[in-house]
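**Q** any chance you could fold what I've pasted below:
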Amino acid sequence: MSENQKNEHSEEIQDRFDGNVETQDLATNSTSNSLSRRSFLGRASTSTAVAAASVGFPALLLTENAEARGLGGAADQDDDEDDSSRRGRSFQIRLKAAIAERKVPVPRQINNGDEALYPNFIGNYSQGLPHNSIGEVELAAYRDLLTAVSSGEPEDFAEIPLGGTVKLSGPQGGLAFDLEGTDSGQLTIPPSPALASAERAGEMVEDYWMALARDIPFSQYGNEPITAAAITDLNKLSDFRGSKVNGKVTASTLFRGVTPGDLIGPYLSQFFLLPVSFGTLNIAQKYNTYVADKDYLTDFGSWLAVQNGQGPFPANDISLTTTYLKNGRDLGAWVHVDFAYQAYLFAAQWLVAKAPLNVGNPYLKIANQAGVQTFGPQHILDLLGEVTNRALKAMWYQKWFVHRALRPIAYGGLVHNTITGVAKYPVHSDVLNSSVIGQIAAKHPGSYLLPAAYPEGNPQHPSYGEGHGVIAGACVTALKAFFNESFVIPKPVVASDDGQSLTAYNGPDAGQIKVGGELNKLANNVALGRDMAGVHWRSDAQQALLLGEAVTISILRDERATYNEPFSGFTFTKFDGTTVTV
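**A** Down below sits the predicted model:
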């Protein structure tokens with residue numbers, strides 16, 4: 001592409017994002033329905049006429065030419081239509097699943113409007129692109145990013161400039177199609193909190209306190225000065241969406257999730273503490289974690305280098321003593337280097353050995369057979385990997401092609417520049433007036449940046465929603481479908497404050513610690529553990545869990561038609577407390 005063509009292309013894309021092209025219903029525009037597979041994103045447009053910008057292009061995922069899709073029209077009149085052979089039955093199952101998925105409504109993909117509101121793009125993710133001396137992204141570079149996510153063309157992604165050596169993390173993965181489950185473009189999450197909103201400020205205040213409390217044992221929350229001050233401060237916020245009891249943040253709700261079971265028992269899920277077996281390998285869940293009181297990016301120079309992606313970055317200092325996870329720094333270390341579905345594979349191994357199956361499992365009623373490839377151990381272990389990658393594709397679609405939300409560490413730069421007078425940004429007063437600001441400056445003199453748990457700060461993709469969270473939502477939903485969530489976990493444990501031993505948990509709610517609640521807690525431990533590292537917002541975690549849940553439910557529904565066994569469906573509790581039968 002010549003320089004003139006590139007400039008014209010960029011101007012056309014920017015016009016769309018600036019609202020100069022009228023938003024239209026692409027799903028009903030017959031002339032647009034013949035777009036090629038690679039250019040189906042090319043007519044993306046957003047409107048600045050409203051505060052929340054609508055992203056119209058996902059409608060094209062379901063409105064391409066029917067003949068090209070192989071669904072509808074002559075393509076449906078296959079010789080296998082009336083074929084009763086196994087080949088014909090397989091074809092019909094695939095066809096019916098595809099038609100059912102095509103009927104899933106296409107939602108409006110709506111972001112929070114910050115991208116249209118701020119011409120300097122301060123409300124959006126730009127890490128890895130070139131920035132100026134105060135940390136604002138170079139406008140031409142960000143517009144190249146917009147060009148790529150609008151067109152979907154690999155050539156446009158190749159033109160996105162980097163500010164350093166660190167590559168962007170898989171943006172085109174969000175455009176991949178899957179042949180099972182609901183397509184990414186037919187799933188959505190609501191807009192992330194706006195840059196200037198009180199909700200975003202409340203999330204940032206929580207992240208600051210999480211950073212200060214990284215070395216406080218979970219069991220001591222509320223019993224020492226830092227977390228006691230955090231509880232008081234969070235209760236003063238005008239808009240805080242974290243867990244509460246009777247409308248108040250307490251020691252028993254601090255930094256916890258809001259799903260059923262989260263407030264029962266110790267902070268950490270039993271599935272992070274109980275020993276598990278992999279065949280003849282027995283594993284006590286003690287880990288190498290990071291050394292105490294070692295944070296990063298607390299000076300502007302190192303913060304700016306991360307914004308520009310100027311790696312390579314050093315590794316974390318690792319403790320030589322293994323430990324049970326006991327505090328936020330340990331949990332942050334775990335979610336830094338875990339493999340994708342590690343937590344849920346461990347949980348599955350424990351559940352297969354010790355927990356009853358979901359009452360909907362047909363083999364509970366079949367006297368002379370046991371499940372293996374279907375409804376047995378092989379099924380659930382395979383499903384964890386399957387839902388993981390499909391959930392990540394759905395989340396990457398939201399990250400790159402809808403929201404492009406900034407990370408908390410980047411927001412910390414806005415706070416720092418505002419307080420030091422370098423620039424004036426629309427940061428809500430709830431952050432600037434919070435007592436946590438003084439605590440941050442006292443620990444790191446002259447800095448109001450969010451202390452990072454990792455030298456590289458964040459991964460190279462937008463914040464909203466969360467990759468760890470969507471995997472957690474997807475995998476925990478699969479586990480709740482396969483195992484009896486009402487089963488009470490016997491002999492619950494808690495880690496000692498030094499992390500060297502497990503002791504019996506004897507709290508008054510010990511008899512209420514159930515599989516379903518501990519799976520929900522496991523999902524939130526993982527998702528909010530990323531917040532404790534300074535990498536994500538609470539809303540990233542909460543909405544990611546729901547998206548992951550939706551992905552798994554859609555896959556379970558598609559798989560249901562493939563079974564030979566008599567099967568009436570799995571019934572389990574969703575993250576919002578309602579029940580569903582799939």
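**Q** and the next helix or strand past the helix or strand bottoming out on mean pLDDT in the chain?
**A** Ranked by mean pLDDT, DSSP states H and E, the weakest helix or strand in the chain is helix 66-69, scoring a mean of 38. Later in the chain than helix 66-69, the nearest helix or strand by DSSP states H and E is helix 86-102.
**Q** what's near enough to touch the closest residue to Pro566 other than its chain neighbours?
**A** With sequence-adjacent residues excluded and distances taken as C-beta to C-beta, 6 or more residues apart in numbering, Pro566 is closest to Pro362, at 5.6 Å. (Each C-beta comes from the backbone N, C-alpha and C, glycine too.) By C-beta atoms under 8 Å, 6 or more residues apart in numbering, the contact list for Pro362 reads Gly371, Phe375, Tyr563, Glu565, Pro566, Phe567.
**Q** and if we set it to 7 Å?
**A** Contact analysis of Pro362 by C-beta atoms under 7 Å, 6 or more residues apart in numbering lists Phe375, Glu565, Pro566, Phe567.
**Q** how near is the last one to Ile513?
**A** Read it as Phe567. In this view, Phe567 and Ile513 are 30 Å apart by C-beta to C-beta, to the nearest Å.
**Q** neighbour count for the two, which is higher?
**A** Legend: neighbour count by other C-beta atoms under 10 Å for Phe567 and Ile513, higher for Ile513 (22 against 15).
**Q** let me know whether that one touches Lys491 as I believe.
**A** No. Between Ile513 and Lys491 there is no contact, the gap being 9.9 Å when judged by C-beta atoms under 7 Å.
**Q** relative to the whole chain's centre, how far out is stretch 107-118?
**A** Centre-to-centre, stretch 107-118 and its host chain are 19 Å apart (C-alpha atoms, centre = their mean, to the nearest Å).
**Q** got the buried residues for it?
**A** For stretch 107-118, a neighbour-count test (16 or more other C-beta atoms under 10 Å) marks Gln109, Ile110, Asn111, Asn112, Gly113, Asp114, Glu115, Ala116, Leu117, Tyr118 as buried.
**Q** ditto for stretch 168-188
**A** By 16+ other C-beta under 10 Å, the buried positions in stretch 168-188 come out as 168-171, 173-175, 178, 180-188.
**Q** Trp400 touches Gly174, doesn't it?
**A** Yes. Counting by C-beta under 7 Å, Trp400 does reach Gly174; the two are 5.1 Å apart.
**Q** OK, contacts around Ala228?
**A** Gly222.
**Q** go with 10 Å
**A** Contact analysis of Ala228 by C-beta atoms under 10 Å, 6 or more residues apart in numbering lists Gln220, Tyr221, Gly222, Ala251, Leu254.
**Q** a markdown table please, covering the residues you listed and showing distance to Leu351, secondary structure and neighbour count.
**A** Below are the contacts of Ala228 laid out as a markdown table (distance: C-beta to C-beta, whole Å; DSSP: H, G, I helix; E, B strand; the rest coil; neighbours: other C-beta atoms under 10 Å):
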| residue | distance to Leu351 | secondary structure | neighbour count |
| --- | --- | --- | --- |
| Gln220 | 30 | helix | 16 |
| Tyr221 | 28 | coil | 24 |
| Gly222 | 32 | coil | 15 |
| Ala251 | 30 | coil | 13 |
| Leu254 | 28 | coil | 23 |
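**Q** picking that back up, which two of the contacts of Pro362 have the greatest separation?
**A** Farthest apart among the contacts of Pro362 by C-beta to C-beta are Phe375 and Pro566. That separation is 11.2 Å.
**Q** who has more neighbours, these two?
**A** The residue with more neighbours, out of Phe375 and Pro566, is Phe375; 23 against 8, by other C-beta under 10 Å.
**Q** bridging residues for the more buried one?
**A** Judged by DSSP bridges, the bridge partners of Phe375 are Val372.
**Q** surely it touches Asp382?
**A** No. In this structure Phe375 lies outside contact range of Asp382 using C-beta atoms under 10 Å: 11.9 Å.
**Q** can you give me the offset of the helix or strand harbouring Tyr397 from its chain's centre?
**A** Using DSSP H and E, Tyr397 sits in helix 377-398. Here helix 377-398 is found 13 Å from its chain centre; the criterion is C-alpha atoms, centre = their mean.
**Q** using PDB, write out every CA atom in that helix.
**A** Output in PDB follows, covering the C-alpha atoms of helix 377-398 (Å, rounded to 0.1, in the frame of the first residue of the first chain):
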ATOM      1  CA  PRO A 377     -13.300 -38.200  33.200                       C
ATOM      2  CA  GLN A 378     -12.000 -37.900  29.600                       C
ATOM      3  CA  HIS A 379     -15.000 -35.800  28.700                       C
ATOM      4  CA  ILE A 380     -14.600 -33.200  31.400                       C
ATOM      5  CA  LEU A 381     -10.800 -33.000  31.100                       C
ATOM      6  CA  ASP A 382     -11.100 -32.400  27.300                       C
ATOM      7  CA  LEU A 383     -13.900 -29.900  27.800                       C
ATOM      8  CA  LEU A 384     -11.700 -27.700  30.000                       C
ATOM      9  CA  GLY A 385      -9.200 -27.100  27.200                       C
ATOM     10  CA  GLU A 386     -12.000 -26.700  24.600                       C
ATOM     11  CA  VAL A 387     -13.900 -24.000  26.400                       C
ATOM     12  CA  THR A 388     -10.700 -22.200  27.400                       C
ATOM     13  CA  ASN A 389      -9.600 -21.400  23.800                       C
ATOM     14  CA  ARG A 390     -13.100 -20.600  22.600                       C
ATOM     15  CA  ALA A 391     -13.600 -18.300  25.600                       C
ATOM     16  CA  LEU A 392     -10.300 -16.500  24.800                       C
ATOM     17  CA  LYS A 393     -11.400 -15.900  21.200                       C
ATOM     18  CA  ALA A 394     -14.600 -14.400  22.400                       C
ATOM     19  CA  MET A 395     -12.800 -12.200  24.900                       C
ATOM     20  CA  TRP A 396     -10.200 -11.100  22.400                       C
ATOM     21  CA  TYR A 397     -13.000 -10.000  20.100                       C
ATOM     22  CA  GLN A 398     -14.300  -7.800  22.900                       C
END
